[in-house]
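Colleague: Output the structure for:
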Amino acid sequence: MDRRLARSALLIAAFVVAVAGFSAMIARQGWVQALHQAADRGAADLMLATDRLQGQLHQFRQVAVVTADHPGVADMLRQGTTAEARLMLQRLADKSGALEVAVLRTDGAVLALASGRLQDGLAASAWLQPALQTARHGALGVAHRAGGVPSVTGDGAGRVWAFAAPVFRPDVAGAGRVAGVVLVLADIARVEAEWRGARPPIWFADASGRVILSNRSELLGWRQDGAMLRPPAGLAQARTRVVAGQVLWHSDWSPYIPRDAIHLAQDLPVLGLRAGVLIETASVLRLALLQGATVAAICLAFGAVLFLVLERRRAVMALNAALEVRVADRTAALTRAQADLVQAGKLSALGQMSAGISHELNQPLMAIQQFAENARAYLDRGQPQVADDNLRRITDLARRMGRIIKALRAFARQDSEPAARVDLVAVVEAALDLAASRLQDAGVSVDWQRPVGPVWVQGGEVRLGQVVVNLLTNASEAMVASPVRHVTVTLMDQGGTVVLEVADTGPGIREPDRIFDPFYTTRAVGAGEGMGLGLSISYGLVQSFGGAIRGRNRAGGGAVMTVELQGCAAPDQVAA
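Modeller: I've put the predicted structure just below:
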């Protein structure tokens, strides 16, 4: 009897050791796999953050470049500053969100300011000189000042990013010579304001290693020393270790910075910055431990069941019923534990996706809300057919939301969407849906001469949609004072070239040769209807697809905007 008990105890101990080793191996494997998955998500988050930063700074860069070509700036350099010129700069700064917009002569003298924050002494500051010197040589200059932590009011007292664009002499004798400089200053605090506090913690350090931009304000001013982030005095250095090729940090810097995290870094040579991110690993560790504990529980449960079966095999039939009940209870508990684990994984995945798609889904969600309200109103009026049309549009928008999610996933893997085969008929119909409410409010009727089947062109679906919506909006605004407000949209295939025409019954184009110039508009300045950049942007988008966009006046009155795009074969023809 004692020998049998000793042997049973030895078997149980061996089984427990084996289960512990196997569970530890499963937990380790789950830990490594989850680390790689977290690192992949962190790399995608870091790429999105860097793209967003580059896009935000590119906006101010474009303001400097476009303003340098403005005729008013050339007049200012020739004739001196006027109140109208200063008003133009103020409006430009207000619309672009720039901290300051200034026009300087090549000797550094300030001719005009948007807000008056920039002074002659600041224009001569050492940190601005490289950018100004580059602009004087005919290229775009970039510089930044990484001062102390700025106030949330964005008064420019701290961190500033500067773009200096050269202004060339327009006359023939001095063509190619730099006559002045347009200086645009961006408050870095405003740039980072919209994503401050978002997860995960991300920072950007300049060439000197100083952190000048972060979504965690406590990291500003820290030093990037190689692969480490050096905190100020009084805070302990982070401890690092490498697990499965991932660099793990352990620190106690702030309640808003994870104690245990994966550190990833990326160089941004265009901006001269180095980006860093910390991806918390506490949830990863908990998930790995839960996996190991679940495996251990399953193995121990089945081992216990097997042991009981072997030991009680010779017991009476009455005990068998009790054993079956116990096994059933254990099995139900394990099933519930597994179901909870699967649900936890689903919630984790939803949490990862929600932050990335919320912004891109806002527009179709608003449209769905509008169509739903319209459907309810038509049902109340006894017009079920019209309400059914609205419900079908809701279905189409839901499909579009699915396409948006697919596009955002692709965007996380690459910098930009290349031109591809696009159904221009679907693009026009989507644009008409988006502009329908505005056209209806303006009393504009639309004649969409839809082709029988799809028309395939080379382009980008979202960007072509932006072009069509802009043409429809311009046509609607041009017909505000017209007694007849009618827009005709046609598609024609001219032997390999697809032509889209948008014709209106407005007053026509006053200066057809200038409609694609930046800031050119027939509306009154300050009317709140934009900066005159819509057609200029559309011109660049169409050209990027290898197409052309033109404007002309019709003989019977009104304007016609023509978009020419390269035609493509249908997908079934390509496959054949």
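Colleague: quick one, helices of the stretch 201-350 of the chain?
Modeller: Per DSSP state H, counting those that start in this stretch, the stretch 201-350 of the chain has helices spanning 282-311, 317-357. These are given in chain order.
Colleague: mean pLDDT for the ones you listed: which is lowest?
Modeller: Averaging pLDDT over each of the helices of the stretch 201-350 of the chain singles out helix 317-357 as the lowest, with a mean of 52.
Colleague: State the next helix or strand along the chain beyond that one.
Modeller: helix 362-380 (DSSP states H and E).
Colleague: what sits up against that following helix?
Modeller: Contact with helix 362-380 is made by 384, 386-388, 390-391, 393-394, 397-398, 400-401, 404, 433-434, 437, as judged by C-beta atoms under 8 Å, 6 or more residues apart in numbering. Every C-beta, even on glycine, is put in place using the N, C-alpha and C of the backbone.
Colleague: Do you have the helices of the stretch 401-550 of the chain handy? List them.
Modeller: In the stretch 401-550 of the chain, helices defined by DSSP H, counting those that start in this stretch lie at 424-441, 461-478, 534-544, listed in chain order.
Colleague: Give me the contact list for the first one.
Modeller: Right, the one you point to is helix 424-441. For helix 424-441, the surrounding residues in contact (C-beta under 8 Å, 6+ apart) are 367, 370, 393, 396, 400, 446, 448, 450-451, 453-457, 459, 461, 464-465, 468-469, 472-473, 476, 487, 489, 491, 498, 500, 565.
Colleague: Scan the helices and strands of this structure for the one with the lowest mean pLDDT.
Modeller: helix 317-357 (a mean of 52; mean pLDDT, DSSP states H and E).
Colleague: roughly how far apart are the closest residue to L300 other than its chain neighbours and W31?
Modeller: Spatially, and ignoring its direct neighbours in sequence, L300 is nearest to V19 (5.8 Å; C-beta to C-beta, 6 or more residues apart in numbering). Taken as C-beta to C-beta, to the nearest Å, the spacing of V19 relative to W31 amounts to 18 Å.
Colleague: show me where pLDDT drops low in the stretch 101-250 of the chain?
Modeller: 116-124, 147-157, 170-176 (pLDDT under 70).
Colleague: all strands of it, in order?
Modeller: 110-113, 141-146, 159-168, 178-187, 202-205, 211-214, 223-225, 228-230, 239-243, 246-250 (DSSP state E, counting those that start in this stretch).
Colleague: I279 is nearest to which of these?
Modeller: Proximity of these to I279 was assessed by C-beta to C-beta; the nearest stretch is strand 246-250, lying at 9.2 Å.
Colleague: Identify the neighbouring strands of the closest one in the sheet and state each direction.
Modeller: Taking DSSP bridges as the criterion, strand 246-250 forms sheet pairs with strand 239-243 (antiparallel), strand 260-268 (antiparallel).
Colleague: Give me the domain ranges for the protein.
Modeller: With domains defined by automatic domain parsing, the chain comprises 69-193, 358-415, 416-575.
Colleague: got the strands of the stretch 101-250 of the chain as CSV, with mean neighbour count columns?
Modeller: Listed next are the strands of the stretch 101-250 of the chain as CSV, based on neighbours: other C-beta atoms under 10 Å:
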stretch, mean neighbour count
strand 110-113, 20
strand 141-146, 21
strand 159-168, 24
strand 178-187, 25
strand 202-205, 24
strand 211-214, 22
strand 223-225, 16
strand 228-230, 18
strand 239-243, 11
strand 246-250, 18
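Colleague: Turn those strands into JSON lines, columns for distance to A297.
Modeller: Converted to JSON lines, the strands of the stretch 101-250 of the chain look like this (distance: least, C-beta to C-beta, whole Å):
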{"stretch": "strand 110-113", "distance to A297": "71"}
{"stretch": "strand 141-146", "distance to A297": "53"}
{"stretch": "strand 159-168", "distance to A297": "53"}
{"stretch": "strand 178-187", "distance to A297": "55"}
{"stretch": "strand 202-205", "distance to A297": "38"}
{"stretch": "strand 211-214", "distance to A297": "42"}
{"stretch": "strand 223-225", "distance to A297": "45"}
{"stretch": "strand 228-230", "distance to A297": "40"}
{"stretch": "strand 239-243", "distance to A297": "25"}
{"stretch": "strand 246-250", "distance to A297": "28"}
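Colleague: who wins for proximity to L285 among the domains of the chain?
Modeller: Using C-beta to C-beta, the nearest of those to L285 is domain 358-415, at 25.1 Å.
Colleague: Sketch out the low-pLDDT regions of the stretch 401-550 of the chain for me.
Modeller: Judged by pLDDT under 70, the stretch 401-550 of the chain has its weakly predicted residues at 402-417, 437, 519-533.
Colleague: Just the buried residues of stretch 43-54, please?
Modeller: With burial defined by 16 or more other C-beta atoms under 10 Å, the residues of stretch 43-54 counted as buried are A43, A44, D45, L46, M47, L48, A49, T50, L53, Q54.
Colleague: Mark which of those are part of helices, please.
Modeller: Among the buried residues of stretch 43-54, the members found in helices (DSSP state H) are A43, A44, D45, L46, M47, L48, A49, T50, L53, Q54.
Colleague: Once you drop chain neighbours, what's closest to the third one?
Modeller: If I follow you right, that is D45. Taking C-beta to C-beta, 6+ apart, and ignoring the residues beside it in sequence, D45 has P200 as its nearest neighbour in space, at 6.0 Å.
Colleague: And for the one you found, the neighbour number?
Modeller: If you count neighbours by other C-beta atoms under 10 Å, P200 ends up with 21.
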